[in-house]
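*Asks:* coords please:
(4 chains)
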There are 2 protein chains.
Amino acid sequence: MRFLEPTLLLLLHQSSGHGYTLIDGLASYGLEEVDTSAVYRALRGMEEKGWVVSSWDEKRTQGPPRRVYRLTAAGDEMLRWWTQDLEETRGMIDDILGAYREHMAEGEGEHH
Amino acid sequence: MRFLEPTLLLLLHQSSGHGYTLIDGLASYGLEEVDTSAVYRALRGMEEKGWVVSSWDEKRTQGPPRRVYRLTAAGDEMLRWWTQDLEETRGMIDDILGAYREHMAEGEGEHH
DNA sequence: TTATCTATTGACAACTTACACATAGTGTGC
DNA sequence: GCACACTATGTGTAAGTTGTCAATAGATAA
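*Replies:* Next up is the predicted model:
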């Protein structure tokens, strides 16, 4: 969920789409091994929270009807909130990695 | 757990310590709101996995006996693994944030 | 003896994740 | 017609994880 929700919001901000294509989109952000059911469940959850709305696709293609999701204003706001959150998370990672490297550099040459 | 385990390993790599002081150490990496029980639970789990070993502190100070943890060779290896994992996570965040900014820049000036 | 600080642990509900499976429409080869 | 593969969206559930709250307990100071 940590990256699933923000990435879905980002993809939907770029253009509306249905679950099956969103799953492809997720893969391009490194989320290749996400279970399909997790994606559909996440989308449902996001609709309950009001971040997205869905409707059945008019034009029928190969396969059963597709539920098309599009971002709401609240979802757009959420996406902005998520970017801030991700920046904070990145800052934490940088702190940890920085401290690790610094500590490694300090101990350089030491052998126990 | 995502940041708790690697940060604890890092702190213990710097110097052995008991839970209560480690909790202070976590705060300096932004993990201020971690529940104490979560920390002790994580330490127990890490001991089960063989990343750390614990022993009761000889010298008694104010309060009940303290369980002192120190890193094992396996824990040291794990810490290195975690840094790689954190770098990957960082990469994912960069991808998402990069795409968001790029998309925002593209839509510049557009009003719907 | 009451309160406060240090220090560790237990119990349990809430939530998440992983995996398997159910459903269903369309197109293709036989 | 039938089997099969592909698209597409879901449900059920067991297992594992997290978050919250409280219990325990020693030392010290008022």
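*Asks:* Chain B contacts on chain A?
*Replies:* Within chain A, the residues that sit near chain B (CB under 8 Å from any CB of the partner chain) are A:2-3, A:6-7, A:10, A:13-14, A:29-30, A:79, A:83, A:86-97, A:99-100, A:103. For glycine as for every other residue, the C-beta is placed from the backbone atoms N, C-alpha and C.
*Asks:* from those residues, which ones fall inside helices?
*Replies:* Counted as lying in helices by DSSP state H, out of those, are A:6-7, A:10, A:13-14, A:79, A:83, A:86-97, A:99-100, A:103.
*Asks:* returning to that earlier point: what about DNA strand C: which of the residues of chain A next to chain B touch it?
*Replies:* Checking those against DNA strand C by CB under 7 Å from any atom of the strand, the ones in range are A:Arg2.
*Asks:* For PyMOL, write the selection for the buried entries among the residues of chain A next to chain B.
*Replies:* Restricted to buried positions by 16 or more other CB atoms under 10 Å in any protein chain shown, the PyMOL selection for the residues of chain A next to chain B reads:
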select buried, chain A and resi 3+6+7+10+13+14+29+30+79+83+86+89+90+92+93+96+97+99+100
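*Asks:* Just give me the neighbour total for A:Ala42.
*Replies:* 18 (other CB atoms under 10 Å in any protein chain shown).
*Asks:* Okay, the residue nearest to A:Leu79 when sequence neighbours are not counted and DNA strand D: tell me how far apart.
*Replies:* Leaving aside its chain neighbours, A:Leu79 sits nearest to A:Leu9 (4.2 Å; criterion: CB to CB, 6 or more residues apart in numbering or on different chains). As judged by CB to the nearest atom of the strand, to the nearest Å, A:Leu9 and DNA strand D stand 17 Å apart.
*Asks:* does A:Leu9 really touch A:Gly75, like I thought?
*Replies:* Yes - shown here, A:Leu9 and A:Gly75 form a contact pair, counting by CB atoms under 8 Å, at 5.8 Å.
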